[in-house]
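Participant: Need coordinates for the following:
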Amino acid sequence: MSLKEHFNSSKTAQSASLSDLAQEVESDRYVEAYRKLRAEYVPNVDFATASNFSHYGSAEKYYEDSVKRIYQNYPYDGSKYEMLCWEISGSHLDKWIYDNRYPKTTGHITMGITGKATGTQENGYGVPDKKEYLYLMGGPHAPESGEDTSTLKKVFDLGNVYDVDTARENNLEFKLSRGITTEFWLNKEAFDSTSTEHEVIFDLWNQRTSGSLDYGRLRIELAATGSESFRITARSGSSGFTDVSFGSDAPSPATVASSTWKHYAISLINSDSDVAAKLYVNGALTATKTITGAFLGPVTGALDATIGSLRTTPSGDLYHSDIGLGSGKLSASLDDFRYWKTERSPKQIGRNWFTNVYGGTNSDDANTMLGVYYKFNEGIYGSASYDATILDYSGRLSNASWINYTSSLGMRSTTSAMVLSNAAERERKDPIIYRTHPEVADLYSGLKVSGSHWDMQNNSSIMNSLPAWTTEYNNQPNKTLQEMTQIVGSYLDKLHQQISSLGSIKEPYGQAYTHNIHSSSTVPVPFSDRLVSGLGFAAPELFSEAKMVQALASRDEGYEYEEDIYKIKNQIYQNIYSSIFNIYKSKGTEKAFRNLIRCFGVDDELIKINLYANNSTYTIRDNYRYSSVKQKFISFNHPDRFASTLYQYADPETPNSRSFISGSGEIEEHIPFTLEAEVIFPSKPDKSEEGWYDTYFVTSSVFGMHEADSTTPSDNTIPSTDYCGMVVTAVRPDKDSNDATFVLSSSVLSAPISSSALPIEDVYENTKWNFAVRMRPAKWPFPDYISGSVLKDTHPIGTPPHTPNEDYILDFYGVQMVQDFKQDSFHVSASVSHEDGKNFMVSSKRVFAGAQRADISSAALTHNCDAKISNVAAWYNYIGNKEIDAHARDISNMGVKNPLEPIYIFDKDLGTVAIPQAETLLLHWDFSQVTSSGLESSPGSVDAKYTVADISSGSVANVSRYNSIFGAITEVHHTARGDYNLPSSTKVVSVEYIPTAVQELPEVQNSSDMIKLLSRDDEIFTSDTRPTDYFFAFEKSMYATISEEMVKMFATITDFNNLWGQPVNRYRLEYKDLSKLRQMFFERVSNTPDIDKYIEYYKWFDQAIGKMLLEMIPASVQSTESLVNTVESHVLERNKYWTKYPSMEMKGTDPESGLEGIHRLTE
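Facilitator: This next block holds a predicted model:
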């Protein structure tokens, strides 16, 4: 950074009028309220304990008032502005209880569980034996029961406002001059056309006779037959249309009844003399329909409606009175039903289909077009008198009545359609407003008891400081004194909190942000940026490119954010402030860069700190960047999980999966086999520590395999022969020891082999070990065709050996590495006879990890397990020690030394095809998708299960690529199942942060180990020597991230010397081997990388962080001017100059001859 740039402003100035902001959010009033909320200072107080905030007032009264304020005054049906006002005007305790303790819920309803049609259908509408529907009236409505209506003024103040100018008339207003829109989530399992061919979703009627001039009707229904399911009827007098579909683009009955949640929106509006109808599915415009000549005038009268059945007989049907109210019963689940008194635009529907909208239509002009809004988020009371009432969240009290609601049938649910459909990660929960609801009543009474308990101990309470005669008199019904002291105490308590928090404002961790209800409720101070700039560090405006809807509504067009942007900004500033002294102490070093980047919640996996060289010859060698990688382990380290196990299992939801590694009996005899695993041996709690448990065994099973019966894949019984049985165990001298010996037992060994004669020290101290068990022919990789092998030179290629007596080698390797430092290792082996070795190789194999059981999944237990396992892999290859070391060095690496090099070139069966080493991975269990165990299958038993994915990327399409027999073994998914766990237990997974040495990309010069201790410095200067300049670049690069995934195929980067440097590449148009490796990599990738999506997703890490990083750059170092988005080729896509092969062209001479006379030819 140049000197003058230090004097430039690092702030980004943006301005916008309130009217401009209001177009993107609810209203200008909301913007003003949001500004107040954003500037509010929240003291650092833990409200989980009354003694932390109640010093002068009564804690019991505080709790009582806070809970009452929620169920009495919270604007559950209000606008977003009104909700913000409630939050701003309340105490911090109110907000804490609302956020952390008060019961809130989501919900949806299911209609049509019982009561199918019993008689004949008329016009396709069946008459059920038990009618069921939601009934609602358009209003305007009077105040709710229980409100003070003693005067006429109060009646008008508390009832629906009637204002034609602001569209506050009938809540079911039906005027197509402005349009209408109906939105809802629907999940339907199937149609039953024998009960009813038409199922009505919504039916609005003005209670006028069909055919009359003032008749009005709007009906939306589903048809069980035909090619389009959605049908619409809209009538106004004699004009309109009946039973119109949207055309071929609309969903069919089979699509609607697919047992999946979908969001539907239907809009109607007059367009000249026609009506324009639109159907949206999951926010996208799916079908349009222009109904010619169907112009509708306004519908007036006493509008009411039903949801889930006909409101009255269909339009034009005057003769079938029995198919009136309740007929055409809907059998489906509904959620988030909205009726708008205007046509919603595609942008509005697309922005809000996966989230809630806000009401307040009676008191806020922002949302007056919302007619009725049913979220079904009232909670389940358990009494039909409450649960049959459907609250209207629009703000105008159009509550619906659920006719024939039955509590025992499970017609209400507390789950969200938005979440169940995966359209959103969460739906905003609404508070339960019934004060007698069991959960609310329990919270109220519990907090009062807790508060009164503290009040009796609180000597500083004003009430407890008064003379006894005043408090004794106060026991009378008049509580004036208690109320007065509470007002004074409340003010003093607030002042006490603010004064107490002053001292922590400038403490590095004084305002730590947390969601934990058992700790602080505070957020970072709103002036966190000034704390940073006050220490001389530039604090530019973060997220300056955020759009208005992102900054003010904490959402985007396609999703909602989990947290408000301003809180994230202040948290980042707080992180920088907390780390600023460490950053300053290491200024100019990679440590300072990384510490600053981590303040943003990311690491250098995203923001690359790359060092490039100019005028330098690159040496392709292994450079490592030290990092900590978050990794999921399957944890067996608890008495609840000592007996848990993990074994191969064909997952029915994974295509092409198999429960064992098949043995063809044809090609495996001369192919080496490797089984490896990565394991942590956790430290045990001391007997004096809390949480101690007894590990009552000394032999712990880690991983292994047994023979599988290929004729019965689902049978986990181990055959009596068990030709390939083996298990790796960790054996401690005694159950209180941390030392262990690693033992390999196998059916092909006469005696187990162990890692060492004496136990390895401190194994159970959270040490990570990588193990490999390998079986190979003794003369591998030359088993068939090389002189000295079983096949002599006289045998032609492809003939079977005449002396099949070659022995096999079974070896056992283990290594403990911390980053790139090898702390311990062992390598032992044993000879196996030809017969036993052959049977081992050709047998079908079933791999397991964790506890060893008599028959893989049987109840009979052989050995428990107390380890943590991060991955298990199997290869048809001999994975060498250096390759296992590479896997141990980088926990995410599963590569081989030469991925493209043919592996079986000397094998009699597979030697005719070039099979790359990278294609020999058979099985790779990855636990990143495991979150918990499933539900138990037998009540009271510990048999909960979970499924583990195999990420070795088998594909049926590639079975015959190299060899059909080999492909049939390798190109399948060897999934696994975890078994014998407690139900719904998240403890089966343990998240660990593993110190890792990540391979740097070939052309990046920086490394975490660049310091060398030399006895003398090599200084060689020649006439060609030029000074080397280094250049720092701070980059966001999608292709660098892809490259890092690519190099995980390589155990060492040095193989790029051959991939790039082979002389033959000089005369090729491209690097041929890179092209093949690129193909192999992307065959394993299911999605298509999109640079535009990448830049959009990570746009939050913008120029602000670049400016901060430049503050850390030494003045003499060249660097990028800011954080840059880099578009480049990945490591397997390298441009090259095509050198033409030198050759000499021998040019022929042109024929020449002189002119001759005409008589020359006759001579």
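
Participant: Now the spatially closest residue to I718 that is not a sequence neighbour: which helix or strand?
Facilitator: Nearest non-adjacent residue to I718, counting by CB to CB, 6 or more residues apart in numbering: H706, 4.6 Å away. For every residue, glycine as well, the C-beta is placed using N, CA and C. According to DSSP states H and E, H706 maps onto strand 699-707.

Participant: What is the burial count for the residue nearest to I718?
Facilitator: The tally of other residues near H706 (other CB atoms under 10 Å) stands at 27.

Participant: How about D1150?
Facilitator: Using other CB under 10 Å, D1150 has 5 neighbouring residues.

Participant: now do the one 3 residues further on
Facilitator: When counting by other CB under 10 Å, one arrives at 5 neighbours for S1153.

Participant: Would you double-check that it falls in a helix?
Facilitator: No. Assigned with DSSP: H, G, I helix; E, B strand; the rest coil, S1153 falls outside any helix and is coil.

Participant: What are the contacting residues of the strand holding H706?
Facilitator: Among residues not part of strand 699-707, those counted as contacts by CB atoms under 8 Å, 6 or more residues apart in numbering are 675, 677, 679, 718-719, 721-732, 742, 771, 843-852, 856, 862-867, 869, 872.

Participant: Break the chain into its domains for me.
Facilitator: If you go by the TED database, the domain ranges for the chain are 18-103+437-504, 111-144+159-407, 587-623+1031-1146, 629-784+806-994.

Participant: Hmm, R311 is touching W205, no?
Facilitator: Yes. Taking contact to mean CB atoms under 8 Å, the distance of 4.5 Å between R311 and W205 places them in contact.

Participant: measure the residue nearest to the spatial centre of the chain to N187 for me?
Facilitator: For the chain, the residue sitting closest to the mean C-alpha position, by CA atoms, centre = their mean, is E425 at 8.2 Å. Distance, E425 to N187, using CB to CB, to the nearest Å: 19 Å.

Participant: can you pull out the strands in the stretch 1-150 of the chain?
Facilitator: 104-105, 108-111, 133-137 (DSSP state E, counting those that start in this stretch).

Participant: Report the rounded mean pLDDT for the shortest one.
Facilitator: Along strand 104-105, the predicted local confidence has a mean pLDDT of 96.

Participant: Next: stretch 1067-1087.
Facilitator: When pLDDT is averaged along stretch 1067-1087, the result is 86.

Participant: same thing with stretch 127-141?
Facilitator: The predicted model assigns stretch 127-141 a mean pLDDT of 89.

Participant: what's the nearest residue to the residue nearest to the centre of the chain if we skip its chain neighbours?
Facilitator: The shortest distance from E425 to any non-neighbouring residue, by CB to CB, 6+ apart, is to V419 (7.1 Å).

Participant: Give me the subset of the contacts of strand 699-707 lying in helices.
Facilitator: Applying DSSP state H to the contacts of strand 699-707, no entry is found in helices.

Participant: Point out where the stretch 551-700 of the chain drops to low pLDDT.
Facilitator: With pLDDT under 70 as the threshold, the stretch 551-700 of the chain has low-confidence stretches at 666.

Participant: Which stretches in it count as helices?
Facilitator: 565-585, 590-598 (DSSP state H, counting those that start in this stretch).

Participant: Mind exporting the C-alpha coordinates of the first one to CSV?
Facilitator: If I follow you right, that is helix 565-585. Listed next in CSV are the C-alpha coordinates belonging to helix 565-585 (Å, rounded to 0.1, in the frame of the first residue of the first chain):
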residue,chain,number,x,y,z
ILE,A,565,-26.4,-8.6,9.0
TYR,A,566,-25.6,-5.8,11.4
LYS,A,567,-25.0,-8.4,14.2
ILE,A,568,-22.6,-10.2,12.0
LYS,A,569,-20.8,-7.0,11.1
ASN,A,570,-20.4,-6.0,14.8
GLN,A,571,-19.3,-9.6,15.7
ILE,A,572,-16.5,-9.4,13.1
TYR,A,573,-15.4,-6.0,14.4
GLN,A,574,-15.5,-7.5,17.9
ASN,A,575,-13.4,-10.5,16.8
ILE,A,576,-10.8,-8.1,15.3
TYR,A,577,-10.8,-6.0,18.4
SER,A,578,-10.3,-9.1,20.6
SER,A,579,-7.4,-10.3,18.4
ILE,A,580,-5.8,-7.0,17.5
PHE,A,581,-2.8,-7.2,19.8
ASN,A,582,-1.9,-10.7,18.5
ILE,A,583,-2.3,-9.4,15.0
TYR,A,584,-0.1,-6.4,15.6
LYS,A,585,2.6,-8.5,17.3
